[in-house]
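Student: this one's structure only:
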């Protein structure tokens, strides 16, 4: 189900704590309905962001890991209602050690209609991302990536205790 542009705009003007407080007051906030302390906003000056989740799972430094067709993820992002938020999760054996997203990838997402990204893992190229003016929330920043592979996309993922399903607002 899509939300009206006016409602999306109104939600984008609010911070997450305000939305959570309203949901809690309505009895609709569950204990796992927020991400936890590891995820941080990398560019707070860009303000809040709202959109429909497009999920994907990644590994870094694991050359034998499955590697799905990245173009299919781009097609998913392009086909979804806008705006889209890319939600990427490091599912490798050493999460956070290697970057699973960089400025080139974020630019591709931006061109296809993404409004921002949530990376439950580490990113690279933070200076390039800042120049894109693309809101990114991540667990950390590392200087490089190694054998980055997308192991799956479109499936439910966990960002800390928060379960995110493709299409979630």
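Tutor: Cool, the structure landed. What you are looking at is a predicted structure, and each value in this text was computed from that prediction instead of being measured. Residues are numbered from 1 along each chain as shown.
Student: Every contact and neighbour count from this point should use C-alpha atoms.
Tutor: Will do.
Student: just the helices in this structure please.
Tutor: 5-12, 16-25, 70-79, 103-111, 126-132 (DSSP state H).
Student: out of those helices, nearest to residue 45?
Tutor: Each of the helices of the chain has some distance to residue 45 by CA to CA; the shortest is helix 126-132, at 10.2 Å.
Student: Which among the helices of the chain is found nearest to residue 159?
Tutor: Among the helices of the chain, if distance is taken as CA to CA, the winner is helix 16-25, at 15.2 Å.
Student: packing partners for the lengthiest strand in the chain?
Tutor: Longest strand in the chain by number of residues (criterion: DSSP state E): strand 114-123. If you count contacts as 3 or more CA pairs under 8 Å, 6 or more residues apart in numbering; DSSP states H and E, strand 114-123 packs onto strand 84-90, strand 136-141.
Student: Any figure for the gap between the residue nearest to residue 161 when sequence neighbours are not counted and residue 10?
Tutor: In space, and not counting its chain neighbours, residue 161 is closest to residue 32: 5.3 Å by CA to CA, 6 or more residues apart in numbering. In this view, residue 32 and residue 10 are 24 Å apart by CA to CA, to the nearest Å.
Student: dump the residue contacts of residue 23.
Tutor: Residue 23 is in contact with residue 29, counting by CA atoms under 8 Å, 6 or more residues apart in numbering.
Student: Could you check the pLDDT of residue 1?
Tutor: Residue 1 is assigned 69 on the pLDDT scale.
Student: buried set for the least confident helix or strand in the chain by mean pLDDT?
Tutor: Scoring the helices and strands of the chain by mean pLDDT, DSSP states H and E places helix 16-25 at the bottom, with a mean of 84. Buried residues in helix 16-25, counting neighbours by 16 or more other CA atoms under 10 Å, are found at residue 20.
Student: Show me how far that helix is from its chain's centre.
Tutor: Taking the mean of its C-alpha atoms, helix 16-25 sits 20 Å from the chain's own mean (CA atoms, centre = their mean, to the nearest Å).
Student: again, but for stretch 135-152
Tutor: 11 Å.
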